[in-house]
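Colleague: Quick one, structure for this:
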Amino acid sequence: MTSPGDRAADAPNPPAHLLLGPDAVQAVGVKLAALQAEIEAWKPVSLATDFD
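Modeller: Numbering: from 1, shown residues only. Predicted coordinates:
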């Protein structure tokens, strides 16, 4: 049986970050949701910095 790390390393397009296990997937999902909420909350400020 091939290990997850070996499978990722041998993949044609390996992941930059390989999450191993349900706890890791859950924790990163929570972090990404918080980051997305922060991006959305500050979107008007971010877009107002456009330079012509």
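Colleague: mind checking which helix or strand of the protein has the lowest mean pLDDT?
Modeller: Ranked by mean pLDDT, DSSP states H and E, the helix or strand of the chain with the weakest confidence is helix 4-9, at a mean of 89.
Colleague: Would you pull up how far it lies from the middle of the chain?
Modeller: What separates the centre of helix 4-9 from the centre of its chain is 18 Å, taken as C-alpha atoms, centre = their mean, to the nearest Å.
Colleague: Which secondary structure elements does that helix sit against?
Modeller: Applying 3 or more C-beta pairs under 8 Å, 6 or more residues apart in numbering; DSSP states H and E, we find helix 4-9 packed against no helix or strand. Just so you know, the C-beta spots here come from the backbone N, C-alpha and C atoms, and that holds for glycine as well.
Colleague: and after it, which helix or strand comes next?
Modeller: helix 22-41 (DSSP states H and E).
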